[in-house]
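Chemist: Kindly generate the corresponding structure for this input.
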Amino acid sequence: MSTLVTGERGFVGSYLAATWPEVVGLGRVDVTDASALAERLSRLPFERVVHLAAVSFVPDSFADPARTLAVNLGGTLNLLQALDQVGFEGCLLYVGSGAVYGEVPPEQLPVVEDRPLRPPNPYAVSKVAAEALCYQWSRTSRYRVVMARPFNHTGPGQSERFFVPGLARQLVEISAGGGQAGLQLGDLGGSRDFSHVADVARAYQALLESGHNGEVYNVCSGRETWLPEVVERMQALIGLQVPVASGQRSHRPSEQKRMVASWQKLQAHTGWRPEHDLDSCLSDVLAYWREKLS
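Modeler: Numbering: from 1, shown residues only. Now for the predicted structure:
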């Protein structure tokens, strides 16, 4: 079964293209170009869609919120309309973000899907808006629309601008005798829910097959991990003890302190459950950077 993946050159998109059969992409077509997008879709054979194309780095959304909304909301609208134009009748999986929940009181963790949304940054705002648009489309279109809210996920190929691969690259460089004397990291006072990209890909497959029309699903590990623990475990895996250097970046504006989510709804509707533990995630990222920097 052929799957159209938008954002196929990104982290998760490239993973799907490498591991799923019959994946097609948009090539050089920008989702903000409605006419080019519709023309591209009219020439592609596909029965399912995973919509990943987005501005996904939170600092970029603060730097250019208009561009973030143009891509994440406007691009989603263009895709929905283009699918209507080509007579699509399969399933669209819209990939949103767990960032839409914002700050959640510790006593209300793990977060579930019916929690009110409090988007803390322009990226999350764009995801809330696009998700609402997809929900409306699920009520009126001829195709099934399912929405995912993935939390932090990592694996081979993710940009070093993100926490885990950035840490892995520094450790690999230091272990090879290069790099800086200490780890340059941001604020380590929070916790996150980390998943392996392979588990996320399986979740997306399960949602395409069994997700309910108009429903939204957390995609997560259900495991809360404090960021200093990630540093300690990755150092143990590589066999180094490296001090964290001073001059750390400040806490991002409006960034949540703690986060862990529930995947019970996803399991109930599809049978999915996570398979990879944290060490598996970290080991695979380290192996990727060892090979890349060798």
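Chemist: Name the nearest residue to Ala34, sequence neighbours excluded.
Modeler: In this structure, Ala34 finds its nearest non-sequential neighbour in Asn78, 4.3 Å apart by C-beta to C-beta, 6 or more residues apart in numbering. C-betas here are computed from N, CA, C, even on glycine.
Chemist: mind checking which helix or strand the one you found is in?
Modeler: If you go by DSSP states H and E, Asn78 is part of helix 75-85.
Chemist: helices or strands next to that helix in the packing?
Modeler: helix 34-42, strand 48-51, strand 91-95, helix 122-140 (3 or more C-beta pairs under 8 Å, 6 or more residues apart in numbering; DSSP states H and E).
Chemist: Can you verify my assumption that Ala38 contacts Gln85?
Modeler: Yes. Because the distance of 5.3 Å satisfies C-beta atoms under 8 Å, Ala38 is recorded as touching Gln85.
Chemist: all strands for the stretch 51-200 of the chain, in order.
Modeler: 91-95, 144-150, 153-154, 191-193, 195-196 (DSSP state E, counting those that start in this stretch).
Chemist: Centre of the chain to the helix holding Asn78, how far?
Modeler: Relative to its chain's centre, helix 75-85 lies at 21 Å (C-alpha atoms, centre = their mean, to the nearest Å).
Chemist: What of stretch 181-188?
Modeler: The answer for stretch 181-188 is 23 Å, by C-alpha atoms, centre = their mean.
Chemist: Between the two ends of it, what distance do you get?
Modeler: From its first residue to its last, stretch 181-188 covers 19 Å (C-alpha to C-alpha, to the nearest Å).
Chemist: Which residues belonging to it are considered buried?
Modeler: Of the residues in stretch 181-188, 183, 185 count as buried by neighbour count, 16 or more other C-beta atoms under 10 Å.
Chemist: Now do the same contact list for Arg142.
Modeler: Counting by C-beta atoms under 8 Å, 6 or more residues apart in numbering, Arg142 touches 87-89.
Chemist: do that again at 6 Å, thanks
Modeler: Arg142 makes contact with Glu89, according to C-beta atoms under 6 Å, 6 or more residues apart in numbering.
Chemist: Quick check: which of the helices and strands packed on helix 75-85 is nearest to Pro59?
Modeler: Among the helices and strands packed on helix 75-85, helix 122-140 comes nearest to Pro59, with 9.1 Å by C-beta to C-beta.
Chemist: tell me the angle of that closest one relative to helix 75-85?
Modeler: 20 degrees (axes from the mean of the first three to the mean of the last three C-alpha atoms, to 10 degrees).
Chemist: Run through the neighbouring helices and strands of helix 122-140.
Modeler: helix 58-63, helix 65-69, helix 75-85, strand 144-150 (3 or more C-beta pairs under 6 Å, 6 or more residues apart in numbering; DSSP states H and E).
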